[in-house]
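Asker: Could you look at this predicted model? Sequence included:
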Amino acid sequence: MINRQLSRPQHKDGMELYAGRWVAMVRDQVVGQGGTPEQARLAAQASRSKEIPQVVYVPTTIPLEFPPILDSVVAALPSDTPVYLVGGAVRDALLRRKIHDLDFILPGNAVKISRQIANRLGAAFFPMDEKYDTGRVILISRDGSRLTLDFAAQRGDNLESDLRGRDFTFNAMAVDVHQPQAILDPLGGAADLLAKQIRPCSSSAFVNDPIRVLRAVRQAAVFGFHIPPETRALMRSAAPLLPDISPERMRDELFRLLDGPRVAASIRALDMLGALCYVLPEMETLKGVEQSSPHLDDVWHHTLNVVLKLEIVLAALAPDYDQEKAANLALGMLVLHLGRYRERLGEHLNEQLNADRPLRPLLFLAALYHDAGKPETRTTDGEGKYHFYGHDEVGAQIVDRRAVSLRLSNPETERVCKIVRGHLRPTLLEHDGNLPTRRAVYRFFREAGEAGVDVCILSLADILGTSSETFSQAQWSHHLAVVRSLLEAWWEHPREQVTPVVLVNGDELMKELGILPGPLVGKLLEAIREAQAVGQVGSREEALEIAKKILNG
């Protein structure tokens, strides 16, 4: 039996029906087909058991495109080593999506060979897992972008057994790197891509690794696919096993979900599948907690709505946003007031408090927890109206515990707590009907720091996510003006209104005023900075003068 690939000019009448498949042929007649040569051969045996078919691959109508680095990898490989490109790269090539990472499997010696490839390519090398024979090669381009090449030893007796142990059928396709246009698809992943559905590689896929419950929801959102009822049933059965997953893996998959599209829909899906209570258990306490006007929804549905509005706000303020998409007045006003900060906001959200995670998903985590303190703080006044005094502080304590449980870094934990703690501040600054004073702006950022930007954006989503018939165009316009004044101070006048230049330090202050080290020095320095921010102090002499006035009475 000879396996070969049909070149595109050799397509005969009707062969395009088998594009992307292996076919078994006897005297130019197709007698069997499958996702691999072996499947095609076995299919042929059913009808032509005594004949030996020729097995060929019928190429896809449009060639698969892989990153140019694949050619360099092939050139660096030992000539006698079979290597397969698997998983997401093959899937994305079929979907014509940009490929970011390449995963390879080899029969063995993956760490050794990946180290050799890294040396040949002048790239960084990391032995990911010596026990499971897995190595990583990282190439960094001149623009700072990274391409990750992972090499792993084959799991099981052969390629097909390795693929069957993966998560979803569309991630269980492979190509031989020496024949990259011939897809090996034993589980029908290409057909599932065409049908836009997520199907596991086996009925035990979710039980074997419950984190796949989150991954299925995330990939459904990313690709716009649906999850069939039989797959959802398997996910529900595996959801109670999620506590067995390590906090680090839970965090990483959750943050990928929060950094993707359709976050609100994904959170709702996790809840409907019975998984959210194991991932973010505090969300369960929000259900049925009623609120008074201006809210019409309970805390849970309000939270989901805020997450949805946050997606809309960030999309409207994205650098590549098409203003013609501002289909309603509220979004049009948002773009008009804050559109000039698109680039700066984009840079802000791409900042990394941790090398592996951008800031954007942390903002969504804060949105989920911004009212987490309400169940604990709800009280009722004599008129039956609900109040939630101090829910911002209690919510910050709750999200702090969740951040620790998810093994977030200290900077990430501090940031998400500041966002939740400060989420009411922009609204409080607008109560007198005027724009915040320079003193109020300075104190806002003194407390929030860089998180002040996140607080501003979350406050916009919070306002839009509050269902109320009393919400008016004037109220929205004023809130936008307040947020704009805060962001203007942060991005356009930071040295004047947020972090004034140092006019006098603590040592100089003690020497000039004849005071000893202690809390008083810090109090005087802070008073000077605030006076600078409001425009009362502009020189060293004026700084010393105001310090003397405070000291004397």
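Answerer: Structure's in. What do you need?
Asker: State the phi and psi torsions of D150.
Answerer: Main-chain torsions, D150, degrees, to the nearest 10: phi -110, psi 130.
Asker: which residues pair with it across the strands?
Answerer: When assigned by DSSP bridges, D150 has beta-bridge partners D103, R136.
Asker: Domain ranges for this structure, per the record?
Answerer: Segmentation of the chain into domains, based on automatic domain parsing, reads 3-58, 69-195, 212-272, 309-380+388-498, 506-551.
Asker: Just give the number of residues close to the nearest residue to H387 once chain neighbours are set aside.
Answerer: The shortest distance from H387 to any non-neighbouring residue, by Cβ to Cβ, 6 or more residues apart in numbering, is to T379 (5.0 Å). Backbone N, C-alpha and C define where each C-beta goes, glycine included. Neighbours of T379 under the rule other Cβ atoms under 10 Å: 9.
Asker: do the one 10 residues further on as well
Answerer: Here the number of neighbours of Y389 (other Cβ under 10 Å) works out to 11.
Asker: wait, what's in contact with the residue most central in space within the chain?
Answerer: Nearest to the geometric centre of the chain sits D259, at 1.7 Å (Cα atoms, centre = their mean). Residues counted as contacts of D259 (Cβ atoms under 8 Å, 6 or more residues apart in numbering) are R357, P358, R360, P361, F364.
Asker: of all those, which comes closest to G288?
Answerer: F364 (23.1 Å; Cβ to Cβ).
Asker: quick one: which of the contacts of D259 is most hemmed in?
Answerer: In terms of neighbours by other Cβ under 10 Å, these top out with F364 at 25 neighbours.
Asker: Kindly confirm my reading that that residue forms part of a helix.
Answerer: Yes - according to DSSP: H, G, I helix; E, B strand; the rest coil, F364 belongs to a helix.
Asker: Just the pLDDT for the residue nearest to the centre of the chain.
Answerer: D259 carries a pLDDT value of 96.
Asker: Would you quantify the distance from it to E282?
Answerer: 20 Å (Cβ to Cβ, to the nearest Å).
Asker: Now do the strands in the protein.
Answerer: 3-5, 21-26, 29-34, 54-58, 84-86, 101-106, 124-129, 134-140, 146-153, 174-176, 179-184, 379-380, 386-387 (DSSP state E).
Asker: Apart from its chain neighbours, what residue comes closest to T427?
Answerer: The shortest distance from T427 to any non-neighbouring residue, by Cβ to Cβ, 6+ apart, is to S459 (6.2 Å).
Asker: is it true that the one you found touches R484?
Answerer: No - at 12.0 Å, S459 does not count as touching R484 under the criterion of Cβ atoms under 8 Å.
Asker: Tell me where the model's unsure across the stretch 451-553 of the chain.
Answerer: Along the stretch 451-553 of the chain, the model assigns pLDDT under 70 to residues 467-471.
Asker: Helices of that one, start to end?
Answerer: In the stretch 451-553 of the chain, the helices defined using DSSP state H, counting those that start in this stretch lie at 451-464, 473-492, 506-513, 519-533, 540-551.
Asker: Figure out which of those helices is closest to R155.
Answerer: For those, the distance to R155 is smallest for helix 451-464, at 41.7 Å, taking Cβ to Cβ.
Asker: and the angle for the closest one with helix 473-492?
Answerer: 170 degrees (axes from the mean of the first three to the mean of the last three Cα atoms, to 10 degrees).
Asker: what separates helix 451-464 from the chain centre, distance-wise?
Answerer: Relative to its parent chain, helix 451-464 has a centroid offset of 18 Å by Cα atoms, centre = their mean, to the nearest Å.
Asker: and if you look at stretch 229-243?
Answerer: On Cα atoms, centre = their mean, the centre of stretch 229-243 falls 22 Å from that of its chain.
Asker: neighbouring contacts of that stretch?
Answerer: By Cβ under 8 Å, 6+ apart, stretch 229-243 touches 197-200, 203, 205-207, 210-213, 216, 227, 250, 273-275, 278-279.
Asker: send the alpha carbons of it over as CSV?
Answerer: The C-alpha coordinates for stretch 229-243 follow below in CSV (Å, rounded to 0.1, in the frame of the first residue of the first chain):
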residue,chain,number,x,y,z
PRO,A,229,-26.6,18.7,24.4
GLU,A,230,-24.6,15.5,24.8
THR,A,231,-21.4,17.5,25.4
ARG,A,232,-23.1,19.7,27.9
ALA,A,233,-24.3,16.6,29.8
LEU,A,234,-20.7,15.4,30.1
MET,A,235,-19.6,18.8,31.3
ARG,A,236,-22.3,18.9,34.0
SER,A,237,-21.2,15.5,35.2
ALA,A,238,-17.6,16.5,35.5
ALA,A,239,-18.2,20.0,37.1
PRO,A,240,-18.1,18.7,40.7
LEU,A,241,-14.5,17.5,40.0
LEU,A,242,-13.3,21.0,39.5
PRO,A,243,-12.1,21.4,43.1
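Asker: What mean pLDDT does it get?
Answerer: Rounded mean pLDDT across stretch 229-243 is 98.
Asker: Mind listing what's buried along it?
Answerer: T231, R232, L234, M235, S237, A238, A239, L241, L242 (16 or more other Cβ atoms under 10 Å).
Asker: Check stretch 501-509 too.
Answerer: Using 16+ other Cβ under 10 Å as the test for burial, stretch 501-509 gives L503, V504, L509.
Asker: for stretch 383-398, same thing?
Answerer: Buried residues in stretch 383-398, counted by 16+ other Cβ under 10 Å: F388, H391, D392, V394, G395, A396, I398.
Asker: Could you single out the nearest of these to E38?
Answerer: Set against E38, the nearest of these by Cβ to Cβ is I398 (54.3 Å).
Asker: Correct me if wrong: that closest one contacts G373.
Answerer: Yes - I398 lies in contact with G373 (Cβ under 8 Å); the separation is 6.1 Å.
Asker: ok, P281 - how many residues close by?
Answerer: 12.
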